[in-house]
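J.: I'd like to go over a predicted model; first the sequence, then the structure.
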Amino acid sequence: MHPSRLGAVLVGLIMPAGAASASAANSLAAQMIVNAPRSQAPPSFNGDPTLFAWNLFLMTAGMFLGFMLAARQAQRIWAQRVYDHPLHPVTLYRAITFLAAVALMIRCGTEALNLWGWNPADPATYARVVMAKRWLDPVALGCGLSWMAIVVLGEPGIEYKLRSGPLPVDMWSRWPVLARAAGIVLLSGIIAAAAVLLR
């Protein structure tokens, strides 16, 4: 399946009904693609395959890493829901991490969808991808603003608790998790390079 077709399927699942009903074939985005010179990457890359591959790699890796962290924190929040008070420092820490991960996942995911979905031969599908990106980017921004607000509001209590009973942090026990994340980054780089070379 061509990446743009996959993008069309994803867009059909996430776009609001009002936006989906608009004619993508007659949209300004589709007309721009029709009138632009044919290229293997969006016009903003000015025909540079290296820059396109680099962005494709980083956005794809960022999407997967954000998803991994968001899923992990969601699992921890659900598992500890009975024991954690809503205003406990650990609850605030998990909420901050979850929202930051979701913001990263959505922002990088929409951009990755935009890059993977580039197909000058199918401007209507790409127009839908671009519109989905414009709808989802504010959601990512909302998650980012939310975690920053929690940091500001919870900072006095969190700092007080951390100073009252500082404990050594065992960072080495989490190396396997970081190794899995590094594997995702490496795999994303290989996929992005292959996608650009095979276009």
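T.: Nice, I can see it. Numbering: from 1, shown residues only.
J.: My read is that Tyr93 contacts Ile158, right?
T.: Yes. Assessed by C-beta atoms under 8 Å, Tyr93 is found in contact with Ile158 at 7.3 Å. From N, CA and C alone the C-beta is placed, and that goes for glycine too.
J.: helices or strands up against the helix or strand that contains Glu159?
T.: Using DSSP states H and E, Glu159 sits within helix 123-164. Using 3 or more C-beta pairs under 8 Å, 6 or more residues apart in numbering; DSSP states H and E as the contact definition, the elements that helix 123-164 packs against are helix 3-14, helix 17-20, helix 28-35, helix 89-116.
J.: next one: it to chain centre, how far?
T.: Offset of helix 123-164 from its chain centre (C-alpha atoms, centre = their mean, to the nearest Å): 11 Å.
J.: Val169 in helix, strand or coil?
T.: At Val169, secondary structure determined by DSSP: H, G, I helix; E, B strand; the rest coil is coil.
J.: all numbers from here: first residue = 194
T.: Let's use 194 as the start, then, which means that last one is Val362.
J.: Quick check: pLDDT value at it.
T.: In the predicted model, Val362 carries a pLDDT score of 72.
J.: now do Val322
T.: 84.
J.: Also Asn307?
T.: At Asn307, the predicted lDDT confidence score is 87.
J.: Just give the number of residues close to Ala387.
T.: Counted with other C-beta atoms under 10 Å, the burial measure for Ala387 works out to 11 neighbours.
J.: again, but for Trp271
T.: Applying other C-beta under 10 Å, we find 9 residues neighbouring Trp271.
J.: can you check Cys336 too?
T.: Neighbours of Cys336 under the rule other C-beta under 10 Å: 21.
J.: check contacts around it.
T.: Neighbouring residues of Cys336 by C-beta atoms under 8 Å, 6 or more residues apart in numbering: 292-293, 295-296, 299.
J.: swap in Val332?
T.: Applying C-beta under 8 Å, 6+ apart as the definition, the contact partners of Val332 turn out to be Ile299.
J.: I'd like the distance between it and Ala272.
T.: Distance from Val332 to Ala272, counting by C-beta to C-beta, to the nearest Å: 26 Å.
J.: In contact with the nearest residue in space to Leu334 that is not next to it in sequence: list those residues for me.
T.: Distances taken as C-beta to C-beta, 6 or more residues apart in numbering put Ala296 closest to Leu334, at 7.4 Å, once the chain neighbours are dropped. Ala296 sits next to 259, 333-334, 336-337, 340 when contact means C-beta under 8 Å, 6+ apart.
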